[in-house]
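K.L.:
prediction below, plus the sequence it came from.
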Amino acid sequence: MPPKVQIEKPSISVIRIKNRRDKLTSELTSFIGHKLIDSVFYDFINKLHNALPSGILNDTVLNSNKSLAGKVLTASSLRNTCWRLAANIDRLTDQVAVPNWTAQDCFEWVVAEVIRVRPVMAGKNVANKLTFKILSGTPTSLTLDQTWSNKKINYLARFKDEKNYGFGFGYSRVNGRGEQTGRLLFVDSKQFFGLHCLLLIDPDQSKDTPVASEIGHTGATTTHNQALLKGRDRQQTECVKKIAGNPECFLCPLGREKCVYATHSVSYNLAICSLCQRKGFVDSTDIEYKNLCISCARKERLSR
């Protein structure tokens, strides 16, 4: 699937960005809960400037964070501020300010992670709504949604570019005895949770929120994906949590806070479903159907 816009895919280290983000954040936690006004704001800017690599001017840091002036700094706003700066060190070194994203001024490849997968209806057909968290570039820490048909998600799961890069799923292979010998097989859309890719942010479509027009991969994103998929592959590895029955990860109630191979963010809780009145697993992060078991929530979502 060659891109319509020919822009070289960058080499981006997400690990380096996150480590730098966390280091910057740790240097500035004393400002959390304080209103950034007058001298407090400038003290914050100066300390942030000193924590960044040398060569970046204080004015560049100031112009990148004017939106914080007069506001109470929260743990979330501090983390996102440090994340945005950590992901754009090259721009800052060139003395280009990196303020909060409000619009996209050029095509830009960014690394993104799938942080949520939901079934939706697209016309009369069931489709898959994927939410991506942007991990690099000018829109760092923002999210965007894409809706993929079952045909598209199956295609993208197995797609590999000319360098053999992709989401990392394998192909089905059956031997002469009828045994499945394929590995890292794509079975359920929830398997996309946690996977990385590049998204090409399109300035013509990105008015109020980032919009991606192309999907790409690098060696780093593919390596990340295959490591995650291998840990989830029940044909190769046992469940790391030793759950009875050795379930597929996309059937497991554990969330990422309890297992690195989870296929959703927060563990499901056992509760009485307000619709079917039976005890079942409930997704507390599902704002629309937080009192419904995941089975009823799926049915309700697809009945709309």
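P.N.:
Arrived safely, thanks for sending.

K.L.:
where does pLDDT dip in the stretch 51-200 of the chain?
P.N.:
178-181 (pLDDT under 70).

K.L.:
can you list the neighbours in contact with stretch 15-31?
P.N.:
Applying C-beta atoms under 8 Å, 6 or more residues apart in numbering, the contact partners of stretch 15-31 are 40, 43-44, 47-48, 51-52, 73, 75, 78-79, 82-83, 85-87, 89, 135-136, 140. Just so you know, the C-beta spots here come from the backbone N, C-alpha and C atoms, and that holds for glycine as well.

K.L.:
from these, which land in helices?
P.N.:
Among the contacts of stretch 15-31, the ones falling in helices (DSSP state H) are 40, 43-44, 47-48, 51, 75, 78-79, 82-83, 85-86, 89.

K.L.:
okay, strands next: where are they in the chain?
P.N.:
Per DSSP state E, the chain carries strands over the ranges 108-122, 125-134, 143-149, 196-201, 212-216, 269-272, 279-282.

K.L.:
name the stretch among these that sits most buried.
P.N.:
Comparing the strands of the chain by mean neighbour count (mean count of other C-beta atoms under 10 Å), strand 196-201 comes out on top with a mean of 23.

K.L.:
neighbouring contacts of it?
P.N.:
3, 5, 7, 9, 14, 104, 107-113, 132, 134-135, 137, 139, 144, 167, 210-218, 220-221, 224-225.

K.L.:
stretch 83-91 now?
P.N.:
Outside stretch 83-91, the residues that touch it by C-beta under 8 Å, 6+ apart are 17-18, 20-21, 24, 48, 52-53, 56, 61, 64, 92, 98, 100, 135-138, 140-141.

K.L.:
so A69 sits against K35, correct?
P.N.:
No. In this structure A69 lies outside contact range of K35 using C-beta atoms under 8 Å: 9.8 Å.

K.L.:
of these two, who's got more company?
P.N.:
A69 (16 against 13; other C-beta atoms under 10 Å).

K.L.:
so what's that one closest to, chain neighbours aside?
P.N.:
Once flanking residues are discounted, A69 sits nearest to F41: 5.2 Å by C-beta to C-beta, 6 or more residues apart in numbering.
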